[in-house]
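Engineer: requesting a structural model of the entry that follows:
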Amino acid sequence: NIDMTEARPKKKEKDTEYNLYTKNDRLAYFYFLNQKGMKPKQAAQAANVNHHTARKWKRQYERDPDAYEPHKK
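Structural biologist: Residues are numbered from 1 along each chain as shown. Reported below is the predicted structural model:
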């Protein structure tokens, strides 16, 4: 008899680190985006924010500007 559990690959431990952004980081992004008229990727670079994260913030704001608060829950 062969035990098939030995043939399964071991799960890889995740080495992912996440950035924690402050309310000021988000406000800076929106400042560069709206007040300075920068493109989203440029505004993210100026605010020192990952552009994928900034894109998510922008999408949330566009869905519901009144309910969106620029800080992490």
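Engineer: which stretches of the chain have low pLDDT?
Structural biologist: Scanning the chain for pLDDT under 70 picks out the ranges 1-14, 67, 69-73.
Engineer: nearest residue to the middle of it?
Structural biologist: The C-alpha lying nearest the average C-alpha coordinate of the chain belongs to Thr53 (C-alpha atoms, centre = their mean; 2.3 Å).
Engineer: look up how far Thr16 lies from that one.
Structural biologist: Counting by C-beta to C-beta, to the nearest Å, the separation of Thr53 from Thr16 is 14 Å. C-betas here are computed from N, CA, C, even on glycine.
Engineer: which one's the longest helix in the protein?
Structural biologist: helix 51-63 (DSSP state H).
Engineer: and it, C-alpha only, in PDB?
Structural biologist: Output in PDB follows, covering the C-alpha atoms of helix 51-63 (Å, rounded to 0.1, in the frame of the first residue of the first chain):
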ATOM      1  CA  HIS A  51      -1.000  52.600  -7.300                       C
ATOM      2  CA  HIS A  52      -3.200  49.500  -7.100                       C
ATOM      3  CA  THR A  53      -4.200  50.500  -3.600                       C
ATOM      4  CA  ALA A  54      -4.900  54.000  -4.700                       C
ATOM      5  CA  ARG A  55      -7.000  52.700  -7.600                       C
ATOM      6  CA  LYS A  56      -9.100  50.800  -5.100                       C
ATOM      7  CA  TRP A  57      -9.600  54.000  -3.000                       C
ATOM      8  CA  LYS A  58     -10.700  56.000  -6.000                       C
ATOM      9  CA  ARG A  59     -13.200  53.300  -7.100                       C
ATOM     10  CA  GLN A  60     -14.700  53.200  -3.500                       C
ATOM     11  CA  TYR A  61     -15.000  57.000  -3.600                       C
ATOM     12  CA  GLU A  62     -16.600  57.000  -7.000                       C
ATOM     13  CA  ARG A  63     -19.200  54.500  -5.900                       C
END
